[in-house]
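Asker: kindly return the folded structure for what I paste below:
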Amino acid sequence: MYKSTIRACCLGSFIGALTVNLAPLLFVIFMTQFGLNFEQVGRLVLMNFGIQIVTSLLFSSPVDRWGHKPFIVFAHMMAFVGLILLALAPVLFVSIPYIGLAFATIFYSVGAGLFELQLSAIIQSIPTGNKEGAMNMLHSFYAWGLIFVVVLTTTLLSVFGKNSWPFIVLFWSIFPLCNFFNFLHVPFPPAIQAQERTKTASLFKSKYFLLVLAGIFFGGATELSISQWTSAFAESSLGLRKEIGDLLGVTLFALFLGGARSLYGAFGKKLDLLKAMTMGSTLCVAMYLLAAFSPSSLISLIACVLCGLGSALLWPGSVVNGANHFPKAGSSLFAALAAGGAAGAAFGPWLVGFIANIKPDLVKIAPWLHFLTTEEAALRSGLFIGTIFPIIMVILLALMRKENSA
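Answerer: Residues are numbered from 1 along each chain as shown. Just a heads-up that it's a prediction; the model follows:
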């Protein structure tokens, strides 16, 4: 009965990847064409995640009151309009194109925030015997979306030239428009009645929920700290062009991320979720350290890529874990988890970059790394400090297992 709904949600997750990752692929072009600096394009990333967090929190109560359909449809329209504004920014805002980029970011970020709030909630509410599998399959489409967006956008820019970027953005706007019509017709599972719903205050009084919330923060930080810097690592350590760095670094990372989520989606019923997340977090600890301290730049890049495998379950697993423990929580749970994950996704890459700036030679405490250039040592130093994220995740998962056995 709900197969069409699941397909529409998976396409929505794909579009969520589009709204987060398309503009950063064009930042160098924006800087050249519009005379922007690093701070200005960085501000667009901050706006994106900040608006997602605010949107998730503001819309949780309205979604509980009026149901998912009007808001998921609205999310796709906001994503569509945002991409149209992005493509037309040079035309509509001739004197100050940056204002157009900012407006576009606001629109599609609201859409992305509503995707984070609702897609997992819709999948969780669909009656199925394998919630973990369905949730990881949903989140795998984010990884497939990331791969598709990076590969196709990079290829089209190479074939048609950098000035073709507005037409490429217009092409991508077709996806949220099509799914807008999909969600107008698919069935939605019944909402939890207000009198049965777990109160938000009760959630935040629960020790277990606070552990889950902290877990999705550090899970998001673990995943994004690597994925956001892998391309730069490939460029600085191996001397690759940006296009090749994107394809080698980001795409391979996303391939492992999506592959692990798809495999868990198909066979996850045979594995304990918290144990699988602990194994993944432990792998991330090892790979972060290997990326930071390996004497081989190629091995360090491979370690970055393998973090996609280790971090794959941390975000969707946290959502499933929270939803399974608080099945009557409604949208407030998903809003809090979406905000927590987005906050970690913003904080993690920022901390890596911050450490790279203030302690660029930190990893040179290892005598075998004195050959590193300043740029490569800086990124490795940031990743070394980033190891704290999966370490804390391992500790939090151990505390969750202790709470379960108590």
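Asker: quick one, phi/psi of Cys10?
Answerer: phi -60, psi -40 (degrees, to the nearest 10).
Asker: repeat for Gly35
Answerer: Per-residue torsions, Gly35: phi 70, psi 30 (degrees, to the nearest 10).
Asker: burial count for it?
Answerer: 10 (other CB atoms under 10 Å). Using the backbone N, CA and C atoms, a C-beta is placed for each residue, glycine as well.
Asker: all numbers from here: first residue = 35
Answerer: With the count now opening at 35, the last piece we talked about shows up as Gly69.
Asker: dump the residue contacts of it.
Answerer: By CB atoms under 8 Å, 6 or more residues apart in numbering, the contact list for Gly69 is empty.
Asker: where does pLDDT dip in the stretch 285-434 of the chain?
Answerer: Low-confidence segments of the stretch 285-434 of the chain (pLDDT under 70): none present.
Asker: could you rerun that using 90?
Answerer: Scanning the stretch 285-434 of the chain for pLDDT under 90 picks out 285-287, 296-306, 330-332, 334-335, 354, 357-367, 376, 379-395, 398-399, 403-413.
Asker: now do the helices in it.
Answerer: In the stretch 285-434 of the chain, the helices defined using DSSP state H, counting those that start in this stretch lie at 285-301, 307-327, 331-345, 348-359, 365-392, 408-420, 422-439.
Asker: now tell me what touches the last one from outside.
Answerer: Right, helix 422-439. Applying CB under 8 Å, 6+ apart, the contact partners of helix 422-439 are 241-242, 245-246, 248-249, 252-253, 255-256, 259, 308, 311-312, 315-316, 318-319, 322, 344-345, 348, 355, 378, 382.
Asker: tell me the domain boundaries of this structure?
Answerer: 35-225, 233-440 (automatic domain parsing).
Asker: circling back to that earlier point, could you redo the helices of the stretch 285-434 of the chain as JSON lines and give each row mean neighbour count and distance to Ser94?
Answerer: Shown next, in JSON lines, are the helices of the stretch 285-434 of the chain (neighbours: other CB atoms under 10 Å; distance: least, CB to CB, whole Å):
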{"stretch": "helix 285-301", "mean neighbour count": "21", "distance to Ser94": "25"}
{"stretch": "helix 307-327", "mean neighbour count": "21", "distance to Ser94": "24"}
{"stretch": "helix 331-345", "mean neighbour count": "22", "distance to Ser94": "26"}
{"stretch": "helix 348-359", "mean neighbour count": "25", "distance to Ser94": "14"}
{"stretch": "helix 365-392", "mean neighbour count": "23", "distance to Ser94": "3"}
{"stretch": "helix 408-420", "mean neighbour count": "23", "distance to Ser94": "30"}
{"stretch": "helix 422-439", "mean neighbour count": "19", "distance to Ser94": "23"}
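Asker: any chance of those in CSV, plus distance to Phe205?
Answerer: As requested, the helices of the stretch 285-434 of the chain are exported to CSV (distance: least, CB to CB, whole Å):
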stretch, distance to Phe205
helix 285-301, 19
helix 307-327, 35
helix 331-345, 27
helix 348-359, 28
helix 365-392, 26
helix 408-420, 33
helix 422-439, 35
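Asker: only alpha carbons, please: show stretch 195-206 as CSV.
Answerer: Presented in CSV, the C-alpha positions along stretch 195-206 are these (Å, rounded to 0.1, in the frame of the first residue of the first chain):
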residue,chain,number,x,y,z
GLY,A,195,32.1,25.0,-19.6
LYS,A,196,31.8,26.9,-16.3
ASN,A,197,29.5,29.5,-17.7
SER,A,198,26.8,26.8,-18.2
TRP,A,199,26.2,26.5,-14.5
PRO,A,200,22.8,28.3,-14.5
PHE,A,201,21.5,25.8,-17.0
ILE,A,202,22.8,22.9,-14.9
VAL,A,203,21.0,24.2,-11.9
LEU,A,204,17.8,24.6,-13.9
PHE,A,205,18.2,20.9,-14.9
TRP,A,206,18.5,19.9,-11.2
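Asker: what mean pLDDT does that stretch have?
Answerer: The average pLDDT within stretch 195-206 is 95.
Asker: and the contacts of it?
Answerer: Here stretch 195-206 makes contact (CB under 8 Å, 6+ apart) with 52, 56, 60, 63, 66, 117-118, 120-122, 124, 183, 187, 190-191, 194.
Asker: relative to Phe405, which of these is nearest.
Answerer: Distance to Phe405 across the contacts of stretch 195-206 (CB to CB) is lowest for Thr66, with 32.6 Å.
Asker: neighbours of the closest one, how many?
Answerer: Neighbour count of Thr66, defined by other CB under 10 Å: 10.
Asker: pLDDT score for it?
Answerer: Note for Thr66: predicted pLDDT of 86.
Asker: pull the contacting residues for it.
Answerer: Here Thr66 is in contact with Lys196 (criterion: CB under 8 Å, 6+ apart).
Asker: which element is it on?
Answerer: helix 61-68 (DSSP states H and E).
Asker: how about the helix or strand just after that helix: buried residues?
Answerer: Where DSSP H and E defines the elements, the next helix or strand beyond helix 61-68 is helix 72-100. Under the neighbour-count criterion of 16 or more other CB atoms under 10 Å, helix 72-100 has 74-75, 77-79, 82-87, 89-91, 93-94, 97-98 buried.
Asker: contacting residues around stretch 96-115?
Answerer: 46, 49, 52-53, 93, 141-142, 144-146, 148-149, 151-153, 155-156, 207, 210-211, 213-214, 217-218, 222, 225-226, 228, 231, 364-366.
Asker: next up, phi/psi of Leu70, please.
Answerer: Phi and psi for Leu70, reported as degrees, to the nearest 10, are phi -90, psi 160.
Asker: might one say that it is in contact with Tyr132?
Answerer: Yes. At 6.3 Å, Leu70 and Tyr132 qualify as touching, with contact defined as CB atoms under 8 Å.
Asker: please name every helix or strand in contact with the helix or strand encompassing Thr188.
Answerer: Assigned by DSSP H and E, Thr188 belongs to helix 165-194. Judged by 3 or more CB pairs under 8 Å, 6 or more residues apart in numbering; DSSP states H and E, helix 165-194 is in contact with helix 37-59, helix 131-159, helix 199-206, helix 276-279, helix 285-301, helix 348-359.
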